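S.K.: sequence first, then the predicted structure, then my questions.
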Amino acid sequence: MVDQVEIREMFDTAYSLSASNVHYPSGPLLQRRHRYKVHIGDENETRAIYGPTECHSHSLRMKSALCYKKLLNKRTQKVDHATLLVDAIKNLDIKCSTYPEEKHVAEMLQHLKEMPKEWTLVQLTPKYNPLENFQEDINTYYTEAIHISIFHCGPAAPDPFLVTAGPPKDPVNGQTVKLANEMYSIIRDNKEVLTYGSKRRNFRSLAEKSDYLSKRRSIEDRLKFLVKDMQYLWLKQWRCLFTGKYCDEALEEQIIHGISNGIANVKVTEKAKAILTCLVKNFVTLKSTEVRAAIQYCFPEVTDKSVIKTIALAVKKLNEDIVGSSDELKRNPIILILHEDLDAFPWEMMDVLKEKPVTRVPSLRFLYNLYKSHRNDIVDGYKIIKYSNKGCYVVNPDKDLDNMETRIMSFFNYWMPSWSGISGSQPEDGKFLEYLTSADVFLYSGHGNGSHLMALEQVQKSNIKAVVLLFGCGSVRNNRLDPQVEMFASYHYYLMGKCPSVVGMLWEVTDLDTDVLTTNFLSYWIPSKAPIHWKYVDKTDWNKALSDKMNFQKVTKGAGQEKYWEPELLRALNEAKHGLKYYSTKAACVVRGIPVKIQLVS
C-alpha cells in the first residue's frame with residue numbers, strides 16, 4: 001500500500017516535470033497544488049504550514065513582480081524608489097519550481113522574525129476540493145474545511161502552527177451547511193434591495209415602504225445568523241485562536257507561567273501551550289464542550305475524560321485569576337491573511353474579534369512586502385502617520401448624491417476646515433493621484449471606489465503615501481471574473497502601490513448610514529479644534545441634509561465636554577461603528593493593509 005510520504009514525493013516529481021518549462025505557471029494551478037499538499041499531510045508541521053502560505057494570491061504576486069521589473073527597466077526611478085522595487089521583486093516573485101522547499105520554509109520563518117513582535121497573524125485557507133478544477137459556473141461556491149495557520153512575529157516568536165476546522169455541519173441532518181452560497185446570496189439580495197430603494201426617493205404607498213423595510217430586516221437577520229453559524233458550526237472551538245497579544249506583556253507571561261505550573265502529569269508541547277493560552281484569553285466566549293474539544297486536541301494521548309475536565313478547570317481558573325481580575329486587557333492588532341474564497345465573509349463581526357483591532361491582507365508575502373516598505377515608520381507594531389492637517393478628499397464626483405455631499409462637506413467645514421479637495425465635480429487628470437501621493441489621509445465619498453475617475457494602473461506604479469478611505473459601495477470587495485482565474489479587486493492596485501492602509505466596503509451600503517460612519521470615524525481618529533466634539537453635536541437637521549438649518553453649536557441631551565481622540569485607526573473605526581443603524585453596514589466596513597496610528601506634527 002502506498003503511504004502518504006510516497007504520494008507526496010510522486011506528486012512533487014510530477015509537478016516539477018509539468019512545470020519545468022513554465023516560467024510563469026497558472027496562479028490557480030499553483031494554489032491548488034499547495035492546497036493538495038496540505039491535504040496529503042506532512043509530519044513536519046512548519047513545512048506543512050508553508051503550503052497554505054503559498055495558496056494565496058499567486059497571480060497577483062506575479063503581476064506585481066512584473067510591474068516592478070518594468071518600472072526598474074525604465075531607469076527613471078529615484079534611488080530610494082528603485083531600492084524599494086528591488087526589495088519588492090525579491091519579496092513577491094515566484095521562484096523556479098526547482099528551488100528547494102527547505103529554503104522557502106527558512107525564508108518564511110525569517111520573515112516572521114523580522115516583523116513586529118506585536119503582530120499576530122491568523123491565516124485562513126480553504127481545504128482542497130477537486131471539483132474546483134472543473135467548475136464553470138461563476139455563481140457556484142463551496143464551503144470547505146478551513147486550514148487555520150497561526151503566526152507570531154518577532155525575533156523570539158515560537159514556530160507557527162496549523163489546525164483544521166471541519167466544514168460546518170447541520171446539527172440535525174449532518175449535511176454540510178452551504179455558508180458560502182448563503183453569503184453571496186445575501187450580497188446579491190442586498191444589492192437588489194438597495195438599488196430598488198435608491199430609485200425611490202419617496203415611496204408611492206405605505207405598503208411599498210413596508211415591503212422595502214421588511215426586505216432589509218430579512219437581510220440583516222440572515223447576516224446575523226450567518227455570522228453565528230461561522231462561529232458555532234464552522235470554526236467551533238478554533239475561533240479562540242483569533243486573539244491578539246495583550247499590550248501588557250506581563251499578562252502574557254502570567255498566562256504562560258500559569259499553564260506551565262497549573263497543568264501537571266501531562267506533557268505540554270509548544271503548540272499545546274499556544275492553544276491553551278488562546279483558551280485562557282477567550283474562555284468566556286466558548287462553550288464548555290468546545291473548551292474540552294480543544295484540550296483533547298492538545299493532548300491526544302489522554303483518554304481519561306476526568307483528566308481533560310481537570311485541565312479545563314485549570315484553564316477556567318487562569319481566566320478568572322488573570323484575565324478576569326485585570327483592568328488592562330488592551331490587545332495588539334490581529335492581521336487576517338484571507339484566501340480569496342473566504343474574503344467575502346465578515347470575520348470581524350465574530351464575538352472574539354468584535355471591538356478588537358483587526359485588519360486584512362491577501363497573503364503573508366504581501367504583508368511582509370508592506371512591512372519592508374514602511375519599516376522605518378513602524379513603532380510598536382503601528383505605521384506612524386505624521387499628521388500635519390494635510391488631508392484631501394473627493395466627494396460626490398458624479399453629482400448625483402446631493403444629500404451625501406451636503407452632510408460630508410458641512411462636517412469637513414466644522415471638523416477639518418484645513419482639508420482641501422473637490423466636491424460636486426470630477427477631478428482633473430492627475431489630481432486624484434496627486435492626492436494619493438501627497439496627502440496624509442485621503443477620503444473618497446461617492447459611488448464605488450473612484451476607479452472611473454483615474455487609471456488605476458497609475459496607482460500601482462506609484463508610492464501611495466496616504467491612508468486611503470474609500471466610503472463607496474463595494475469599494476474593497478473581491479470580484480469573481482471566472483472560477484478558473486483568481487479574483488480581482490481595485491484594492492490590489494493600492495496594495496501594489498504599497499499603500500499602508502485602505503478602509504472600504506465589502507458590499508453595497510446606504511448613503512446616510514455610511515455618512516454617519518464616515519463622520520463618526522473621522523471625528524474619533526482626526527483631532528480637531530472644533531468647540532464641541534462631533535459626538536455631542538445635535539445632528540437632527542444634519543441627518544436630513546438641511547444645510548440652512550444646521551446648527552453645530554446645538555448639543556444633544558446629556559452632552560459632555562470630553563475630547564475623544566483615538567490615534568489608532570482600527571480602534572477608532574470600531575468606536576465609530578457603535579452609532580450605526582444597520583448591522584450590514586458595520587459588517588461591510590473593513591480595513592486592508594497594516595495597522596496605522598496618527599501622530600500629531602505641529
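M.R.: Looks like it came in fine.

S.K.: can you count the residues close to the residue nearest to H56 when sequence neighbours are not counted?
M.R.: Among residues not flanking H56 along the chain, S363 sits closest, at 3.6 Å (CB to CB, 6 or more residues apart in numbering). Glycine gets a C-beta too; all of them are placed from N, C-alpha and C. Neighbours of S363 under the rule other CB atoms under 10 Å: 23.

S.K.: S363 contacts T53, correct?
M.R.: Yes. With contact defined as CB atoms under 8 Å, S363 counts as touching T53 (7.2 Å).

S.K.: which residues are common contacts for those two?
M.R.: I337 (CB atoms under 8 Å, 6 or more residues apart in numbering).

S.K.: for the stretch 151-300 of the chain, what are the low-confidence residue spans?
M.R.: 200-201 (pLDDT under 70).

S.K.: could you rerun that using 90?
M.R.: Scanning the stretch 151-300 of the chain for pLDDT under 90 picks out 195-209, 261-266.

S.K.: then the stretch 1-150 of the chain?
M.R.: 1-48, 51-52, 54-55, 58-59, 62, 71-85, 93-102, 128-139.

S.K.: can you give me the helices in it?
M.R.: 4-19, 27-40, 45-53, 58-73, 79-92, 101-114 (DSSP state H, counting those that start in this stretch).

S.K.: nearest to E328, out of these?
M.R.: In terms of CB to CB, the element of the helices of the stretch 1-150 of the chain nearest to E328 is helix 101-114, at 26.8 Å.

S.K.: give me the most central residue, the chain.
M.R.: Nearest residue to the geometric centre of the chain (CA atoms, centre = their mean): R360, 2.3 Å.

S.K.: what does the strand or helix carrying that residue contact?
M.R.: Using DSSP states H and E, R360 sits within strand 358-361. Applying CB under 8 Å, 6+ apart, the external contacts of strand 358-361 come out as 333-338, 343, 347-348, 367, 370, 501, 570, 590-595.

S.K.: centre of the chain to it, how far?
M.R.: 3 Å (CA atoms, centre = their mean, to the nearest Å).

S.K.: send the alpha carbons of it over as CSV?
M.R.: Extracted C-alpha coordinates of strand 358-361, given in CSV (Å, rounded to 0.1, in the frame of the first residue of the first chain):
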residue,chain,number,x,y,z
VAL,A,358,-8.3,43.7,13.0
THR,A,359,-7.0,44.3,9.5
ARG,A,360,-6.8,42.1,6.4
VAL,A,361,-4.1,41.2,3.8
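
S.K.: in it, what's buried?
M.R.: V358, T359, R360, V361 (16 or more other CB atoms under 10 Å).

S.K.: same check, this time on stretch 178-193
M.R.: Buried residues in stretch 178-193 (16+ other CB under 10 Å): L179, A180, E182, M183, Y184, S185, I186, I187, N190, V193.

S.K.: repeat for stretch 270-289
M.R.: For stretch 270-289, by 16+ other CB under 10 Å, it's 271-283, 285-286.

S.K.: select the longest helix from the chain.
M.R.: helix 206-229 (DSSP state H).

S.K.: elements contacting it?
M.R.: Helices and strands touching helix 206-229, as assessed by 3 or more CB pairs under 8 Å, 6 or more residues apart in numbering; DSSP states H and E, comprise helix 179-198, helix 583-588.

S.K.: next SSE after the shortest one?
M.R.: Sequence-wise, the next helix or strand downstream of helix 583-588 (DSSP H and E) is strand 589-593.

S.K.: what's in contact with that next one?
M.R.: 346, 348, 358-361, 370, 476, 491, 494-495, 499-506, 509, 517, 569-570, 573, 577.

S.K.: continuing past it, what's the next helix or strand?
M.R.: strand 596-600.

S.K.: which strands or helices does that following strand pack on?
M.R.: Against strand 596-600 (3+ CB pairs under 8 Å, 6+ apart) you get strand 382-387, helix 569-576.

S.K.: which one of the ones you listed lies nearest to E320?
M.R.: Nearest to E320, of those and by CB to CB, is helix 569-576 at 26.0 Å.

S.K.: count the residues that sit near N478.
M.R.: N478 has 19 nearby residues by other CB under 10 Å.

S.K.: and the nearest residue to I219 once chain neighbours are set aside, what does it touch?
M.R.: Leaving aside its chain neighbours, I219 sits nearest to N190 (5.1 Å; criterion: CB to CB, 6+ apart). N190 is in contact with I219, W507, E508, S584, counting by CB under 8 Å, 6+ apart.

S.K.: sorry, back to before: partners of the residue nearest to the centre of the chain in the sheet?
M.R.: L336, R592 (DSSP bridges).

S.K.: what distance do you get for it to F366?
M.R.: To F366, R360 is 11 Å away according to CB to CB, to the nearest Å.

S.K.: closest to D159 out of the buried residues of stretch 270-289?
M.R.: Looking across these and measuring by CB to CB, the closest to D159 is K271, at 8.1 Å.

S.K.: so where's the stretch 401-550 of the chain uncertain?
M.R.: Using pLDDT under 90, the flagged stretches of the stretch 401-550 of the chain are 429-430, 454-457, 480-488, 531, 544-550.

S.K.: if we go to 80?
M.R.: Across the stretch 401-550 of the chain, nothing is flagged by pLDDT under 80.

S.K.: where exactly do the strands run in it?
M.R.: 420-423, 441-445, 467-471, 501-505 (DSSP state E, counting those that start in this stretch).

S.K.: residues contacting the closest residue in space to S388 that isn't next to it in sequence?
M.R.: The shortest distance from S388 to any non-neighbouring residue, by CB to CB, 6+ apart, is to V601 (4.4 Å). For V601, the contact set (CB under 8 Å, 6+ apart) comprises K386, Y387, S388.

S.K.: ChimeraX command for the buried members of the residues you listed?
M.R.: In ChimeraX syntax, the buried subset of the contacts of V601 is picked out as below (16+ other CB under 10 Å):
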select :387
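
S.K.: ok, back up a step: mind putting the helices of the stretch 1-150 of the chain into CSV with distance to I378?
M.R.: Converted to CSV, the helices of the stretch 1-150 of the chain look like this (distance: least, CB to CB, whole Å):
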stretch, distance to I378
helix 4-19, 36
helix 27-40, 29
helix 45-53, 21
helix 58-73, 21
helix 79-92, 15
helix 101-114, 11
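
S.K.: surely V394 is within a helix?
M.R.: No. Counting by DSSP: H, G, I helix; E, B strand; the rest coil, V394 is not part of a helix but strand.

S.K.: which one is V38 nearest to, not counting chain neighbours?
M.R.: G51 (4.5 Å).

S.K.: for the one you found, grab the count of nearby residues.
M.R.: 23.

S.K.: number of nearby residues for I146?
M.R.: 23.

S.K.: hang on, isn't it packed against T125?
M.R.: Yes. With contact defined as CB under 8 Å, I146 counts as touching T125 (6.9 Å).

S.K.: would you check that F242 makes contact with I334?
M.R.: Yes. Checked against CB under 8 Å, the pair F242 and I334 is within contact range at 6.4 Å.

S.K.: now do the contacts for Q296.
M.R.: Contacts of Q296 (CB under 8 Å, 6+ apart): V302, I308.

S.K.: turn the contacts of V601 into TSV, including distance to T83 and pLDDT.
M.R.: Shown next, in TSV, are the contacts of V601 (distance: CB to CB, whole Å; pLDDT from 0 to 100):
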residue	distance to T83	pLDDT
K386	21	89
Y387	26	85
S388	26	77
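
S.K.: name the nearest of the contacts of V601 relative to V352.
M.R.: Nearest member of the contacts of V601 to V352, counting by CB to CB, is Y387, at 31.2 Å.

S.K.: contacting residues for that closest one?
M.R.: D440, V441, I526, I598, Q599, L600, V601.

S.K.: drop anything exposed from the residues you listed.
M.R.: So, of the contacts of Y387, D440, V441, I526, I598 end up buried under the neighbour-count rule (16+ other CB under 10 Å).

S.K.: which of those residues sit farthest apart?
M.R.: D440 and I526 (9.5 Å).
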